[in-house]
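> Provide a 3D model corresponding to the input given below.
(one chain, ligands or ions: 1)
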Amino acid sequence: MHEKIIILDFGGQYAHLIASRIRRANVLAEIHQPDEVDVEFFRNDLIKGVILSGGPQSVYDEGSAACDPAIFDLGKPILGICYGHQFLSQATGGKVVPGAQKGKEFGRADLKHDAECPLFADIPTTSTFWMSHGDEVAELGNGFQVCGQTDLCENAAVWHPSKKLFGIQFHPEVTHSEYGSQLLQNFLNICDVKGDWTIEKFYEAHQQKLATQIGDRNIVLFVSGGVDSTVAFALLSKILGPGRVQGLFVDTGLLRQGEVDYVEKAIRGIGAELTVMREADRFLGNLAGKYDPEAKREIIGNTFLEVQRAFFAKNDLGDNTLLAQGTIYPDTIETGVTKNSAKIKTHHNRVPEIQKMIDEGKVIEPLADLYKDEVRALGELLGLPHELVWRHPFPGPGLGVRILCAGEAIEEITAPKVNAFTLRRNQKPFQILPIKSVGVQGDFRTYKHPAVLKINDEKLKIENEGGLEALEALSTKLINHYKEINRCMYPLAVSYAGSIKKMNVAASDINTARVARLQRADYIVTTTLQSMGLYNDVWQFPVVLAPIAFNDQGQESIILRPIDSIDAMSASVGKLPAEFFTKVAKQILKDDSISAVFLDVTSKPPGTIEWE
Ligand code: XMP
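The predicted structure is shown next:
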């Protein structure tokens, strides 16, 4: 049993970020909803401190998120962050008001603190923290004193020395806060909590627990080849021994080249049994004639369910078999934010059929307490190959979200004829393409045209230092200015000489020939990344097929989308060397069916990672 810190989630986007920061300090952190736990819950001796997270509401609004204020008298250290700080102040007799002009603050702020407060131990008297608030604490709670200020926020940090209660308006959990980790470590020191949360200890403790929970039942598990399901599979196989865990792998026909063999070998390498369900015909059959991105996504999701249902209809699990899933911690917790987004995109591990089985006690989720990096650490501990544990994320719908489709053919003659993407006087600095892809601006998804940049400035060439950064900045500027586009691309290689006379878009859906075409290009990218030692320099690297040809009919284009990200919520362009891009583009262009190769230089937002 581990000592732990409880995080009360007031609905902000950062509750998971706080928990993962605490866990990086080897302390177990658990997220709970404030209205689901009362003061009795906190009397547990293993709970050494509490963090109140930020949240989107105003504490003075009727019905806004609240926790049991009796916890402030338990004598346990409590840290309120942003909304949590305001809630703590209001609940102890202070006052929170809407920030007038002065109180609203977003982004970097210089915090000056009072060296006496232990929350600021080893932090310079002035340092940068990240702010994001509209309300502010105008009057302090009883017994509190100020210990930090910014130019715009007088009560940016407050504390109650004898009760060990702390409130901060800023966000120590975001990486932009210079001494954020130090501040959280200081809070853990104040809590006097043992730093005994390690993946080794988790494994030790869970082996026995899982074995008891499973008893003599057997397990079936759908694996995807991704890290979560593979680690879940390896863990259960190790605990239960041979013959008791049956793995099912669905070949959707939308996987990468060689993926089925790779996953089969990797899973067998763990010493586990795997059945490959060859369902490519079913998936491609259902996708035939479809081209709308949302429709494609829905069809792929529904076909997965169809396959699962067919399996359960044929193989009655009975009482002696459990379904295991590789669900991880962020998938299991609904914050205010994900409660809303769940309506848009239900997590596939929580669709109604599966939920019913969960309610009947027929599902086991051995990784449900872990974050992604902990799952990876567990994978390494279980002896899975490093390469398998550190694979780039691959979306459930696979290449289905990387093959752009078109409902009808378009033939667009560009007048005046443009020289292949070089800038002429009085022209827009880009060429708009007659296809569309998905993007994201604010809280809204967009569906707009990509533009190919015309490059006539040396600074914008990828061979020059800072070229990619300059292209990314230019892309943001152009997309903000021209409403008809949501992505910008850099031309890497074209299959024709001279000017563009025609742009042809063929009516196209997802079919075997196009999947094979994309698989070839994707294979070139992955193997070149590996051979040049660059695979771990990017977080993900979608390769996209778009049905657009320049001059020649019947050809298509390939778009490279290298991604630099931490959590896929935001992303920038993976800054790989120019040599890599030119090498890969040249090789891809050897395929006669490819007209051009582009590099997507759009950050997220305004682009999404996938093109769909
Ligand atoms: P976007 O395109 O929204 O992608 O910027 C963010 C991350 O999510 C992955 N992705 C998906 N993963 N099912 C998945 O399992 C999906 O439908 C899906 N769509 C996007 C994408 O690869 C990126 O890592």
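> all helices of the stretch 1-150 of the chain, in order?
Remark: helices assigned in the stretch 1-150 of the chain by DSSP state H, counting those that start in this stretch are 15-24, 39-42, 83-91.
> how close does the nearest residue in space to Arg402 that is not next to it in sequence sit to the ligand?
Spatial nearest neighbour of Arg402, chain neighbours left out: Val544 (4.8 Å); criterion: C-beta to C-beta, 6 or more residues apart in numbering. Bear in mind the C-beta positions are built from the backbone N, C-alpha and C, glycine included. Noted for Val544: a distance of 11 Å to the ligand, by C-beta to the nearest ligand atom, to the nearest Å.
> which ones are touching Leu545?
Arg402, Ile403, Leu404, Arg514, Arg517, Leu518, Ala521, Glu556, Ser557, Ile558, Ile559 (C-beta atoms under 8 Å, 6 or more residues apart in numbering).
> Give the phi and psi angles for it, as a check.
Per-residue torsions, Leu545: phi -110, psi 130 (degrees, to the nearest 10).
> Nearest residue to it in space, ignoring adjacent ones along the chain?
With sequence-adjacent residues excluded and distances taken as C-beta to C-beta, 6+ apart, Leu545 is closest to Leu518, at 4.2 Å.
> didn't the one you found look like it was pressed against Val401?
No: Leu518 lies out of contact with Val401 (C-beta atoms under 8 Å); the separation is 11.2 Å.
> what does the stretch 1-150 of the chain put close to the ligand?
Within the stretch 1-150 of the chain, not a single residue sits near the ligand (C-beta under 6 Å from any ligand atom).
> so where's the stretch 1-150 of the chain uncertain?
Flagging of the stretch 1-150 of the chain using pLDDT under 70 yields the residue ranges 13, 100-106.
> how about a cut-off of 90?
Scanning the stretch 1-150 of the chain for pLDDT under 90 picks out the ranges 1-2, 11-17, 20, 24, 55-57, 98-109, 115, 128-134.
> could you pull out the strands for it?
Taking DSSP state E, counting those that start in this stretch as the test, the strands found in the stretch 1-150 of the chain are 4-8, 28-32, 47-52, 78-81, 95-98, 105-113, 126-133, 135-139, 145-149.
> could I get these as CSV with mean neighbour count?
Formatted as CSV, the strands of the stretch 1-150 of the chain follow (neighbours: other C-beta atoms under 10 Å):
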stretch, mean neighbour count
strand 4-8, 25
strand 28-32, 20
strand 47-52, 24
strand 78-81, 28
strand 95-98, 16
strand 105-113, 17
strand 126-133, 19
strand 135-139, 21
strand 145-149, 19
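> for those strands, which one sits closest to Leu235?
strand 28-32 (18.6 Å; C-beta to C-beta).
> ok, what's across the strand from the residue nearest to Arg402?
Ile559 (DSSP bridges).
> tell me the contacts of it?
Counting by C-beta under 8 Å, 6+ apart, Val544 has contacts Arg402, Ile403, Leu404, Leu518, Ile558, Ile559, Leu560, Arg561, Asp600, Glu610, Trp611.
> if I look at Asn302, how far off is Arg21?
Applying C-beta to C-beta, to the nearest Å, the value for Asn302 to Arg21 is 38 Å.
> out of these two, which sits in the busier spot?
Arg21 (21 against 12; other C-beta atoms under 10 Å).
> Check the offset of the helix or strand in which Leu188 is found from the chain's centre.
Assigned by DSSP states H and E, Leu188 falls within helix 180-191. Offset of helix 180-191 from its chain centre (C-alpha atoms, centre = their mean, to the nearest Å): 26 Å.
> Could you do stretch 486-495 as well?
Put simply, stretch 486-495 sits 26 Å off its chain's centre (C-alpha atoms, centre = their mean).
> quick one, phi psi at Ala406?
Per-residue torsions, Ala406: phi -140, psi 130 (degrees, to the nearest 10).
> Any idea what it is bridged to?
On the basis of DSSP bridges, Ala406 is bridged to Ser508.
> how many other residues sit next to it?
18.
> cool, and Asp373?
Asp373 is flanked by 12 other residues according to other C-beta under 10 Å.
> swap in Lys201?
A count of nearby residues for Lys201, using other C-beta under 10 Å, gives 13.
> element containing it?
For Lys201, the host element (DSSP H and E) is helix 199-214.
> for that helix, packing partners?
The helices and strands touching helix 199-214, judged by 3 or more C-beta pairs under 8 Å, 6 or more residues apart in numbering; DSSP states H and E, are helix 227-240, strand 363-364, helix 372-381.
> tell me the mean pLDDT over whichever helix or strand comes after it?
Using DSSP H and E, the next helix or strand after helix 199-214 towards the C-terminus is strand 218-223. In this model, strand 218-223 has an average pLDDT of 92.
> now the angle from strand 218-223 to helix 227-240?
Relative orientation of strand 218-223 with respect to helix 227-240: 160 degrees, computed using axes from the mean of the first three to the mean of the last three C-alpha atoms, to 10 degrees.
> got the contact list for Met503?
Ile410, Glu411, Glu412, Ile413, Thr414, Leu433, Pro434, Ile548, Ala549, Phe550.
> Name the nearest of these relative to Gly243.
Once C-beta to C-beta is applied, the member of those that ends up nearest Gly243 is Ile548, at 51.6 Å.
> Let's see the pLDDT reported for that closest one.
Reported pLDDT for Ile548: 96.
> next one: the one 5 residues further on
Listed pLDDT for Gln553 reads 86.
> Which of the residues in the helix holding Lys201 are classified as buried?
With burial defined by 16 or more other C-beta atoms under 10 Å, the residues of helix 199-214 counted as buried are Ile199, Phe202, Tyr203, His206, Leu210, Ile214.
> which residues sit against that helix?
With contact meaning C-beta under 8 Å, 6+ apart, helix 199-214 is reached by 2, 235-236, 239-240, 322, 364, 366, 369-370, 374, 377-378, 381-382.
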